[in-house]
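*Asks:* this one's structure only:
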């Protein structure tokens with residue numbers, strides 16, 4: 001009868017200590033009397049306990065708690081056990097009764113609910129060969145606690161992360177007791193009778209182990225004590241996050257909506273990322289194709305420009321005063337005796353005519369076989385026409401360029417065959433005396449090569465044919481018949 005009474009008293013003390021998440025007050029410390037340093041606890045072994053004032057609590061003075069004292073053992077995945085350890089500080093003792101292999105943390109509390117803190121370690125129950133005659137109290141059937149974090153020993157809880165604890169069975173109202181390794185206090189949260197779940201915001205120091213147990217209104221502990229390892233930041237302010245209780249159905253609906261919102265956000269993000277990536281790839285492809293087509297077209301244009309260059313020769317034409325473009329073919333088809341204009345007279349391609357006659361004059365060979373002839377006086381019109389040089393466009397393209405050999409042969413001709421030069425069309429038809437003769441040297445037949453007689457004693461040499469430069473001989477080559485021949 002005493003043990004159930006003490007257990008209910010402990011639960012009542014827990015309800016008074018911390019309500020709705022407030023921490024209990026650390027007013028004293030405890031330890032094993034023999035300064036036991038091992039984390040292995042032999043099962044059914046009697047350990048002496050001693051309590052002493054907390055040096056960090058200056059306001060408490062020499063306060064070492066108010067007897068009687070209790071030991072709270074929180075096992076991983078098991079049922080917590082509250083064991084009375086005595087009233088006298090000199091005779092306090094505790095015996096581990098949990099199954100072998102159980103890992104747990106220990107906390108000492110006084111009758112007022114003040115805590116002496118945990119032992120600073122996670123202990124493990126091991127086999128005791130000397131004594132095994134002890135058994136734990138019977139487990140409460142149909143009363144358990146679970147959480148949203150898998151209990152595989154590797155579960156972690158981030159700072160300010162919500163930890164959902166579900167309670168099944170028992171008799172409400174419930175009190176959730178949270179303890180941590182090296183924690184100076186125990187957190188107790190009492191939830192309303194209509195609620196069977198608690199969402200706890202982790203504010204424990206990172207790097208520790210956090211335990212959660214539940215006690216119902218009859219002072220019974222639920223099975224399946226939850227434990228997680230804490231990680232994250234040391235900033236435990238967690239603005240906007242609060243610990244709250246509710247029903248499991250409400251939390252399930254909230255989590256379903258949150259999961260749907262997260263999934264929708266993920267889908268939207270995936271769609272946005274997909275669209276952006278697709279657009280980027282599309283523009284890259286279009287840009288690449290456009291660049292390739294542009295370069296190809298540019299190269300084709302450059303190639304066409306090089307291939308389509310106008311490299312064919314064309315005749316030089318000169319527009320008249322009326323804007324009509326004259327063709328050199330007009331001069332080729334013009335008659336030597338009836339030119340349309342004095343400035344457009346054509347030359348005859350006869351190789352036996354003298355090259356001294358220039359446009360606008362035409363040659364007229366005399367019929368005398370002995371080469372004797374007379375020349376008319378020079379008229380003023382003829383003198384002016386003689387001094388005016390025609391343009392290159394007036395030079396006939398059909399004229400045959402005579403070789404230097406022909407010119408040399410003509411220079412060697414005697415003055416016995418005079419020729420008169422008459423204007424093709426002139427008012428007075430005046431003539432100019434010029435020399436003429438056969439271009440064939442003496443003693444050379446038509447079937448033989450042409451020769452040039454340089455001197456009377458120079459002998460015969462083959463004629464060297466060259467193209468003359470594209471200009472008309474200057475007028476000063478035409479001399480009067482009265483002038484003596486100055487050629488050698």
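*Replies:* Happy to help now that I have it. As the structure is a computational prediction, the values presented were derived from the model and not from experiment.
*Asks:* doesn't residue 203 fall inside a helix?
*Replies:* No: residue state for residue 203 (DSSP: H, G, I helix; E, B strand; the rest coil) corresponds to coil; a helix is not indicated.
*Asks:* my read: it touches residue 158, true?
*Replies:* No: contact criterion CB atoms under 8 Å: residue 203 and residue 158 do not qualify, at 11.3 Å. No exception for glycine: its C-beta is placed from N, CA and C like everyone else's.
*Asks:* these two - which one has more neighbours?
*Replies:* Each of residue 203 and residue 158 has its neighbours counted (other CB atoms under 10 Å); residue 203 has more, 19 against 14.
*Asks:* below-threshold pLDDT in the stretch 151-300 of the chain: ranges please.
*Replies:* Low-confidence segments of the stretch 151-300 of the chain, defined by pLDDT under 70, are located at 151-153.
*Asks:* just the helices in it please.
*Replies:* For the stretch 151-300 of the chain, applying DSSP state H, counting those that start in this stretch gives helices covering 248-307.
*Asks:* quick check, residue 313 in a helix?
*Replies:* No: according to three-state DSSP, the state of residue 313 is coil, so it is not within a helix.
*Asks:* and it, how many neighbours?
*Replies:* Going by other CB under 10 Å, the residues that sit close to residue 313 add up to 6.
*Asks:* check residue 241 too.
*Replies:* 14.
*Asks:* likewise the one 3 residues further on?
*Replies:* In terms of burial, residue 244 registers 17 neighbours under the definition other CB under 10 Å.
*Asks:* partners of it in the sheet?
*Replies:* residue 199 (DSSP bridges).
*Asks:* looks like it contacts residue 199 (just checking).
*Replies:* Yes: applying CB under 8 Å, one finds residue 244 in contact with residue 199, separated by 5.5 Å.
*Asks:* bridge partners for the closest residue to residue 157 other than its chain neighbours, pull those for me.
*Replies:* Leaving aside its sequence neighbours, residue 157 sits nearest to residue 228 (CB to CB, 6 or more residues apart in numbering; 4.3 Å). For residue 228, the beta-bridge partners are residue 210 (DSSP bridges).
*Asks:* what separates residue 228 from residue 161, distance-wise?
*Replies:* Between residue 228 and residue 161 the distance, using CB to CB, to the nearest Å, works out to 10 Å.
*Asks:* more crowded one of the two?
*Replies:* residue 228 (25 against 17).
*Asks:* so that one touches residue 209, yeah?
*Replies:* Yes: in terms of CB under 8 Å, residue 228 counts as a neighbour of residue 209; the distance is 7.3 Å.
*Asks:* end to end, how far does stretch 178-189 reach?
*Replies:* Separation of the first and last residues of stretch 178-189 by CA to CA, to the nearest Å is 8 Å.
*Asks:* also stretch 33-51?
*Replies:* When the termini of stretch 33-51 are compared using CA to CA, they are 9 Å apart.
*Asks:* what are the buried residues along that stretch?
*Replies:* Using 16 or more other CB atoms under 10 Å as the test for burial, stretch 33-51 gives 41, 42, 43, 44, 47, 49, 50, 51.
*Asks:* and the fourth one, what does it touch?
*Replies:* With contact set as CB atoms under 8 Å, 6 or more residues apart in numbering, residue 44 has these partners: 95, 96, 97, 128, 131, 132, 133, 134.
*Asks:* report the two of these separated the most.
*Replies:* Largest separation among the contacts of residue 44 by CB to CB: 96 and 133, giving 13.2 Å.
*Asks:* who has more neighbours, those two?
*Replies:* residue 96 (28 against 6).
*Asks:* isn't that one up against residue 41?
*Replies:* Yes: if you go by CB under 8 Å, residue 96 and residue 41 touch, sitting 4.8 Å apart.
*Asks:* now the common contact residues for those two.
*Replies:* 47, 125.
*Asks:* quick one: residue 142 and residue 281, what's the gap?
*Replies:* Residue 142 sits 60 Å away from residue 281 when distances are taken as CB to CB.
*Asks:* about what we covered before: mutual contacts of residue 203 and residue 158, please.
*Replies:* Contacts common to residue 203 and residue 158, judged by CB under 8 Å, 6+ apart, are absent.
*Asks:* and residue 165, how many neighbours?
*Replies:* Residue 165 is surrounded by 24 other residues when neighbours are defined as other CB under 10 Å.
*Asks:* who does it form a beta bridge with?
*Replies:* Beta-bridge pairing of residue 165 under DSSP bridges involves residue 147, residue 198.
*Asks:* which residues does it contact?
*Replies:* Residue 165 is in contact with 145, 146, 147, 176, 197, 198, 199, 200, 212, 214, 226, counting by CB under 8 Å, 6+ apart.
*Asks:* tell me the one of those nearest residue 301?
*Replies:* Nearest to residue 301 among the contacts of residue 165 is residue 199, at 73.2 Å by CB to CB.
*Asks:* and residue 440, what's its pLDDT?
*Replies:* The per-residue pLDDT reported for residue 440 equals 44.
*Asks:* from residue 258, how far out is residue 90?
*Replies:* 56 Å.
*Asks:* same thing with residue 250?
*Replies:* With the distance defined as CB to CB, residue 250 ends up 12 Å from residue 258.
*Asks:* just residue 313 next, same as before
*Replies:* When distances are taken as CB to CB, residue 313 and residue 258 turn out to be 89 Å apart.
*Asks:* ok, residue 302 to residue 296 distance?
*Replies:* For residue 302, the distance to residue 296 - CB to CB - is 11 Å.
*Asks:* typo on my end, residue 94
*Replies:* Using CB to CB, one obtains 91 Å as the distance from residue 94 to residue 296.
*Asks:* more neighbours: the two, which one.
*Replies:* More crowded of residue 94 and residue 296, by other CB under 10 Å: residue 94, with 23 against 10.
*Asks:* show the contacting residues for the more buried one.
*Replies:* Contacts here follow CB under 8 Å, 6+ apart; on that basis residue 94 touches 46, 47, 49, 71, 83, 85, 106.
*Asks:* run through the bridge partners of the fourth one.
*Replies:* As for beta bridges, residue 71 partners with residue 83, residue 108 under DSSP bridges.
*Asks:* quick one: it and residue 51 touch, right?
*Replies:* No: in this structure residue 71 lies outside contact range of residue 51 using CB under 8 Å: 11.1 Å.
*Asks:* which residues do these two both contact?
*Replies:* residue 108.
*Asks:* returning to what we had before: which one of the contacts of residue 165 sits closest to residue 191?
*Replies:* Distance from residue 191 was checked for each of the contacts of residue 165 by CB to CB. The minimum falls on residue 198, at 5.7 Å.
*Asks:* what distance do you get for the closest one to residue 141?
*Replies:* To residue 141, residue 198 is 22 Å away according to CB to CB.
*Asks:* compare those two (neighbour count), which wins?
*Replies:* Of the pair residue 198 and residue 141, residue 198 is the one with more neighbours under other CB under 10 Å, namely 27 against 8.
*Asks:* can you pull the domain assignment for this structure?
*Replies:* By the assignment in automatic domain parsing, the chain contains the domains 2-249, 342-488.
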